[in-house]
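Asker: no sequence on this one, just coordinates:
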């Protein structure tokens, strides 16, 4: 070749060097070779596309297994794959040794390897030389041990029958790999095909529901528990003449049928079919027997796991309700998250019950424990609550009857010390007005997220958990949802999971509630993710005990601007409102009322005004408890746009005497309430209310953060003219 002449084609150069090109795509199962590569493989010297089975029939079985390991290692290390391959003729004699060099790649989408490489004939190493002692193909026993370790790991990790069959189909045995697999099970006195690989789906139809007394190797294996090895088609035809026509059309040359035995019981048979003759030496039989034992154990575990999953999924579908039809003006979302592992249904539950007149009831509760008994008790209690609600009882009566029922139900005859109780929150909702009448049995208080994002815990009256005292009383609390408000009911698993107590867990959820901007379903997902998602690892609580608990969550919103589940047709000024009853027998709830008001004013700019509003509320509630025999009803409201808002606090009681200002002496211990109101409030007044009265005051938002209360921007009230 003279200088300046064009270079010859690459194929011509490789042909001159007796080097062939080949391309292998494992997804398509095809190997494309040029004429030189075809010649080196002992085929006619012409370009061809071969199947993997055709190529494997020309290679030494041990070398085929070695190729798989070398390719995987080269992909992992991003290097070239190089291996020596012995080429075999039809009689099983070695005709030449070639060296293959290729650059393999792995496609994660198709989960397949693709190789482009060269084949070149090399001299076979002389026995006893260093090259002969370190052949690339490796040692049979070492390959067998590595294969069994890898197969055992893969089968142990399979969690379903489908995964087990997929792993079995991908096993590349050292020196001999089947290209057809089938797993047979037993149903009564019939064989069933659990799964197969290497033949079309319809081709297995003749083997379906074959009786165990059929003259078929798999049936014989199940009957006797002994393996059957068939090394040639002639041997198959002579031993099983009746079923040979069924197997003949697959074109296989050798077959191994092995029993799948677990705990001494034969549960089926495993077929490994080969496209080339296999002698089934003792070493080969040892490998097949070991794989069959591991396969049987994996199928047994997978079957038990699938049965348990089916049981628990069915139990969960049965016990956890589907939320009812769409409610005009309301949106409802629910979540249930069981603890990880074991039974996927615990003692937590929620329910939605349709009531007459368009009303409906929401129920959420938690039966003590996470075992099967807790799940069973939960199901029975849920049915009882539905029955009592359908009878038309009010919330207090529903819980009273449920407590009496559960007290008898939770008694354990086997273990008298295993007494169970259940917490529960029952609420009847009127969609037309947004009123909620509820009763609580030892459960967490509900939380309301107002239209502007402010989240408050609503203190509700309650009684003992269900089942502790069959004669417990459960007082009723009335709430009112404004348009745009969202009510959250949950079990303690949502609050305390991750090492949190009730206080720190509430603070974690409050951030999600107040910062969320989206629909109701998205809010439910965000609350669960705060506990179980990646962010939960950054919000662990102060407690050392971080055990998980079941979670039940219910969200109810009254559609309106800001709720995220419906659009308000009429623009409204933002309003926050809370209501609370303070009974004569519950003076400690005065502190709860103060905390409610502080939460309501969490973003009020003037700290002095906040303190003044809380002081006046405490004074008004204390006066009712001290000077009357009535309970006090508190209604607190924040209205207006930021910078122009006002606080209005109203306390109502059934006392007939109107308050009046007095001139207390220097040593007097009372009589200064109205004086404080007049000094600290921007406006106030007293109004008769039928059989009682109400006293109210207002504080207007100061333009400056340090603006004091009663700064003269509103008229001071007069009890004589209000």
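Answerer: Received, thanks. Not measured: the values here are computed from a predicted model.
Asker: what sits against the residue nearest to residue 58 when sequence neighbours are not counted?
Answerer: Leaving aside its chain neighbours, residue 58 sits nearest to residue 41 (4.9 Å; criterion: CB to CB, 6 or more residues apart in numbering). Quick note: C-beta positions are derived from backbone N, CA and C, even for glycine. By CB atoms under 8 Å, 6 or more residues apart in numbering, the contact set of residue 41 is 33, 55, 58, 87, 119.
Asker: helices or strands up against the helix or strand the fourth one falls within?
Answerer: Assigning secondary structure by DSSP states H and E places residue 87 in strand 81-88. Under the contact criterion of 3 or more CB pairs under 8 Å, 6 or more residues apart in numbering; DSSP states H and E, the helices and strands touching strand 81-88 comprise helix 52-58, helix 61-77, strand 94-107, strand 112-122.
Asker: do that again at 6 Å, thanks
Answerer: Counting contacts by 3 or more CB pairs under 6 Å, 6 or more residues apart in numbering; DSSP states H and E, strand 81-88 packs against helix 61-77, strand 94-107.
Asker: residue 159 - that's part of a helix, no?
Answerer: No. Using DSSP: H, G, I helix; E, B strand; the rest coil, the assignment for residue 159 is coil, not a helix.
Asker: thinking again about what came up before, tell me the two of the contacts of residue 41 that are most distant?
Answerer: By the measure CB to CB, those have their two most distant members at 33 and 87, which lie 12.4 Å apart.
Asker: those two - which one has more neighbours?
Answerer: Counted by other CB atoms under 10 Å, residue 33 and residue 87 do not tie: residue 33 has more neighbours, with 23 against 20.
Asker: does the more buried one touch residue 23 like I think?
Answerer: No. In this structure, residue 33 is not within contact of residue 23 by CB atoms under 6 Å, at 8.0 Å.
Asker: tell me where the stretch 501-650 of the chain has helices.
Answerer: For the stretch 501-650 of the chain, applying DSSP state H, counting those that start in this stretch gives helices covering 502-515, 520-532, 589-600, 607-627.
Asker: so which bits of the shortest one are buried?
Answerer: Buried residues in helix 589-600, counting neighbours by 16 or more other CB atoms under 10 Å, are found at 589, 590, 592, 593, 594, 596, 597, 600.
Asker: quick one: low-confidence residue ranges for the stretch 301-450 of the chain.
Answerer: 309, 311-322, 324, 339-346, 412-418 (pLDDT under 70).
Asker: strands of that one, start to end?
Answerer: 330-337, 348-354, 360-367, 422-430, 435-441, 447-449 (DSSP state E, counting those that start in this stretch).
Asker: any chance of those in a markdown table with distance to residue 272 as columns?
Answerer: A markdown table is the format used below for the strands of the stretch 301-450 of the chain (distance: least, CB to CB, whole Å):
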| stretch | distance to residue 272 |
| --- | --- |
| strand 330-337 | 43 |
| strand 348-354 | 48 |
| strand 360-367 | 51 |
| strand 422-430 | 55 |
| strand 435-441 | 62 |
| strand 447-449 | 61 |
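Asker: redo these as TSV? Include mean neighbour count.
Answerer: Below are these laid out as TSV (neighbours: other CB atoms under 10 Å):
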stretch	mean neighbour count
strand 330-337	20
strand 348-354	22
strand 360-367	25
strand 422-430	24
strand 435-441	23
strand 447-449	23
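Asker: can you tell which of these is closest to residue 193?
Answerer: Among those, strand 330-337 sits nearest to residue 193 (CB to CB), with 37.4 Å.
Asker: distance from the closest one to the middle of the chain?
Answerer: Put simply, strand 330-337 sits 16 Å off its chain's centre (CA atoms, centre = their mean, to the nearest Å).
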